[in-house]
Every structure is written in structure tokens, then in C-alpha cells.
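**Q** Next come a sequence and a model predicted from it.
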Amino acid sequence: MMQRIWALALLTFKEGMRDRALYGIFLFSLMVMALGFVVVGFFMRELSKVASDFNLSALTFGGLLLTLFVNNQLLAKDIDKRTIYIVLSRPYGRGEYIVSKYLGLMLLTSAAIFMLAVCASAGVGLSYLRYPAYFESFSFKIFLLAIFGEFLMLAVLNAVVVFFASFSSSAFLTLLFSTAVYIVGETIETVVRFLKTQAQSTEVPMAAAVEALLNVCRYIIPNLSVFDLKVQAAHGMAVSLSYVLFITFYGMASVLVLLFLASQIFKGRELG
């Protein structure tokens, strides 16, 4: 079974590598990183923070474009071009198909993030060599942990894309739903804290319906903000091993749950 899954995952990876949009995303991210190196010189202080934020943001943006557009289209092509029938006519279960496609997407994402991480590290390194006095509190270890956190976030988001693709025949709807999950997952904790602070300061209780909706979103939608370590990387703040283990297991658990649900839904789906 693992041999079949790995074979289809490699096929998905090779198909993604042939997509021209992938190279456009990579070149755009490199341009942003290069721009960051130039922009750093315009700041009189906190140059390490600017360099770290710029490069990490470019890496994240490139990963998001890859996941939401290239990976999303790779899943949609199988149904649009009817190649899924060729795969399922062979000894592939539908659950195996879901897992294989996810692994293929993650191979593509891992390769892209590795290349972007090398470029981002080089960008920060060049800024460090140019302005060493401003990088006293900067830590490359925390910077690399922030990249790892973004990778975990993209791993969960890829699982979200596969989940929606398991029952949606439209790449646009999958893109729309996945983008909504990303936005909510990144902001839900901030929104909850803001509304609670407002309720306490104005002494007006939060509406029961609003509170119930927020609680549903917090428990159903993955909390993607826990993977964001940009602030810690920018200020050289230590990240505990327990927190790194927490986000790792939280990310893995989220992926497993999403893939399980996607497999169950896809098994009952009519491919007409």
C-alpha cells in the first residue's frame, strides 16, 4: 500500500514542478526578499526586526500562493481532465488517493519552502553583514524556528485544501473556503481577545449568539495563529521546547483529522 501511495505522491509532485505558476511565485518571493534588503537601509533603528519580518513575510506569502493556487489547481485537474478515473480504476482506494495527493502536495510545498528559506536566510545574513551593530539581539535559531512554524501552518492549510476538494468540484469554491479558513484561523484569537476587552471596558456583555459563534469557530477551525513566530524571530525572543512540541503535535493532529474527514467524505462522493 505504501508503495502505491508513494508512487502517486511522486507523480503529483512532478506534475506540480511542471506548473509555470510555481516559478512565478518563486521569482516574486525572491523579488520581495531582494526589495527587503534594499528597504532595510532606509530604517534608522530595529533593522534586524525589519529584515526578519520582510523575509519571513515573503516566505509565508509565497507558501500561501503555492498552497491556495497551484496545489488547489492540481487537485481540481484530476477531476476536470478525468485522470482520477484512471487512478481509481487501478488498485487504489479512495482513502489512499487522498493521502497520496496530500503527500504529493507536501513534497512540492517542502521543496518550495526549503528554497525560499535558503533565500530568506541569505537575505537576513546579508543585512547582518552590512549592519552588524543592529543584530545584537537577533537569533538565527529563532528565525529558523519561525520558518518551521510557517511550514507547519502550510501543512495544515494543505490539509484544509484537500478537505474542501474532497467534496467540491469547483477549484474556485475550494479556494474561497480555504482562504476563509486561513483568515479566520489567523485572526480568531485576536478577535476574541478584542471583543472580551471591549465588553469588560464598556461593561456591556457580549451577545450570546456572537459568543457561541466565536466558540464554534475556535473549536472547529484550526488555530493557525499558534504557528506564527514572526514576533519572536524579529525580537530574538526565546521559544520554549514545550511550545515547539505543542505546535508540532497540534499541526500533526489537525492534519490527521482533516485527512480522515476528507477520506470519509470522498469515499461517499459520486464522481459523475
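**A** In hand now; what should we look at? Keep in mind that what you see is a predicted model, and the values were worked out from it rather than measured.
**Q** For Cys119, see how far away Val244 is.
**A** 23 Å (Cβ to Cβ, to the nearest Å). C-beta coordinates here come from the backbone N, C-alpha and C atoms, glycine included.
**Q** so which strand or helix has Leu214?
**A** Per DSSP states H and E: Leu214 is located in helix 208-220.
**Q** Could I get the CA-only coordinates of that helix as CSV?
**A** Extracted as CSV, the C-alpha positions of helix 208-220 are listed here (Å, rounded to 0.1, in the frame of the first residue of the first chain):
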residue,chain,number,x,y,z
ALA,A,208,-24.8,35.2,23.4
ALA,A,209,-25.1,34.5,19.7
VAL,A,210,-21.8,36.2,18.9
GLU,A,211,-20.0,34.3,21.8
ALA,A,212,-21.5,31.0,20.6
LEU,A,213,-20.3,31.6,17.0
LEU,A,214,-16.8,32.5,18.2
ASN,A,215,-16.6,29.4,20.3
VAL,A,216,-17.7,27.2,17.4
CYS,A,217,-15.1,28.8,15.2
ARG,A,218,-12.4,28.3,17.8
TYR,A,219,-13.1,24.6,18.2
ILE,A,220,-13.8,23.7,14.6
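**Q** residue contacts, the residue lying closest to Glu189 once chain neighbours are set aside?
**A** Leaving aside its sequence neighbours, Glu189 sits nearest to Ser225 (Cβ to Cβ, 6 or more residues apart in numbering; 5.2 Å). By Cβ atoms under 8 Å, 6 or more residues apart in numbering, Ser225 lies in contact with Gly185, Glu186, Thr187, Ile188, Glu189, Thr190.
**Q** Quick one, which of these are buried?
**A** Neighbour-count burial (16 or more other Cβ atoms under 10 Å) is assigned, among the contacts of Ser225, to Gly185, Ile188.
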